[in-house]
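Visitor: would you be able to build a 3D model of this:
(one chain, ligands or ions: 3)
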Amino acid sequence: MKLKDLPDESPYTPGDKACGGCMAANIAINVMRVLGKKAVVSVPPSCMSVFAGIFPAINWDVPYFHMQFANLASTITGISRALKALGKDDIVAVGFGGDGGTGDMGIQALSGAAQRDENILYICYNNEAYENTGVQASGSSPYGSWSSTTPAINGGNGNEYFPKDIPRIMIAHDSTYVATAATSHIQDFIQKVEKAKNLKGFRYIEVLSVCPPGWRVPTDSGPKLVKEAVDSGYWLLFEYEKGNLTLNGEPNFDGLREFFSKQGRFDFITEEQYKELEEFYKNRLRKIKNLQLNNQT
Ligand SMILES: Cc1ncc(C[n+]2csc(CCOP(=O)(O)OP(=O)(O)O)c2C)c(N)n1
Ligand code: SF4
Ligand SMILES: [Mg+2]
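Guide: Numbers count the residues shown, from 1 in each chain. Ligands and ions are numbered 1, 2, ... in the order given. Model (predicted):
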């Protein structure tokens, strides 16, 4: 499907309460433009549940569920099984989880659903912190970054941990489909959603989601920053299907320093921390390429 073929209207309707420049809203709009109305949406506690899911001013023009923080994957599993029992196999049970609700609090439900190959589509919008409750660090927060729980001044050095790699954890389950996407590479993004829509089984797509207040960047910077994240190797685009991994594009790391320098959350990193960051992202590319070596065809 080409971008120009997508309907302008999305079952994620305008008028939400997201901050200016929130890329999570952009992700919801575009996923729903591809899925259309044949979907049941679920969102756990997160920014998305607050800016789009408060009755009666709700933005989802499809059936919508809200559940507890840790059980998005099991909720959409139940919805998917109910749809099957009703013979409604053409309706997608889709969940949108933040990185905290996905990789930290929700990971056991997610892991179980992946292992059982439940027929669900799980979209993780990764803004790299617990944004909704005031920018606390999550397991997906980058090393060195400021957050309200990882102070970067008065003796603090920002986040002392490197982020966990949720897509690789999902691949380790031999999942049906795992992909990463970026709003800057919109054609690649919608093609991945369309592919996932048409597959059966456990499907996971993780999308980088700029949060201007959390990343301490101007509200109009999101689209360009996401592109720079991809070009600099900070955010790798790949997809894993039927045991095979494809890297979508070959990043060079030339723009990495500039990418960090544009974000207030990295204002305080030292040269030593930058070198550790650079090594981490180069290593990450090597790890993904190693997975590619295991391809079956
Ligand atoms: C069991 C439980 N613990 C804590 C919370 C409070 N809480 C609500 S949203 C949220 C942050 C969610 O972070 P993430 O999943 O990354 O989504 P984001 O807010 O970044 O969009 C937290 C900690 C909660 N609702 N339930
Ligand atoms: S705090 Fe960040 S993720 Fe939450 S609505 Fe605002 S921009 Fe979006
Ligand atoms: Mg988050």
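Visitor: check the offset of the lengthiest helix in the chain from the chain's centre.
Guide: Of all the segments assigned as helix in the chain under DSSP state H, the longest by residue count is helix 271-293. Mean-position distance between helix 271-293 and its chain equals 20 Å (C-alpha atoms, centre = their mean, to the nearest Å).
Visitor: which parts of that helix are buried?
Guide: 273-274, 277-278, 281, 284-285, 288, 291 (16 or more other C-beta atoms under 10 Å). Backbone N, C-alpha and C define where each C-beta goes, glycine included.
Visitor: looking at those residues, which one is closest to residue 11?
Guide: residue 288 (32.9 Å; C-beta to C-beta).
Visitor: wait, what's in contact with that closest one?
Guide: 168, 236, 238, 245, 247 (C-beta atoms under 8 Å, 6 or more residues apart in numbering).
Visitor: sec struct for the second one, please.
Guide: By that I understand residue 236. Here residue 236 is recorded as coil under DSSP: H, G, I helix; E, B strand; the rest coil.
Visitor: right, and it touches residue 253 too?
Guide: No: the criterion here is C-beta atoms under 8 Å, and residue 236 misses it with residue 253 at 11.6 Å.
Visitor: pLDDT on the longest helix of the chain, on average?
Guide: Averaged across helix 271-293, pLDDT comes to 96.
Visitor: i'd like the first residue to be 535 from this point on
Guide: Sure, I'll start counting at 535 from here, so that last one is helix 805-827.
Visitor: give me the more crowded residue out of residue 770 and residue 787.
Guide: The neighbour comparison of residue 770 against residue 787 (other C-beta atoms under 10 Å) goes to residue 770, with 23 against 15.
Visitor: now do the contacts for the more buried one.
Guide: 714, 764, 781, 785, 818-819, 822.
Visitor: same list (the residues you listed) but as JSON lines, adding distance to residue 655.
Guide: What follows is these, written out as JSON lines (distance: C-beta to C-beta, whole Å):
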{"residue": "714", "distance to residue 655": "15"}
{"residue": "764", "distance to residue 655": "22"}
{"residue": "781", "distance to residue 655": "22"}
{"residue": "785", "distance to residue 655": "27"}
{"residue": "818", "distance to residue 655": "25"}
{"residue": "819", "distance to residue 655": "27"}
{"residue": "822", "distance to residue 655": "22"}
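Visitor: of those, closest to ligand 2?
Guide: Proximity of these to ligand 2 (C-beta to the nearest ligand atom) peaks at residue 714, which lies at 18.2 Å.
Visitor: do you know how far the nearest residue to residue 671 once chain neighbours are set aside is from residue 652?
Guide: Closest residue in space to residue 671, ignoring its immediate chain neighbours: residue 681 at 4.2 Å, by C-beta to C-beta, 6 or more residues apart in numbering. Taking C-beta to C-beta, to the nearest Å as the measure, residue 681 falls 32 Å from residue 652.
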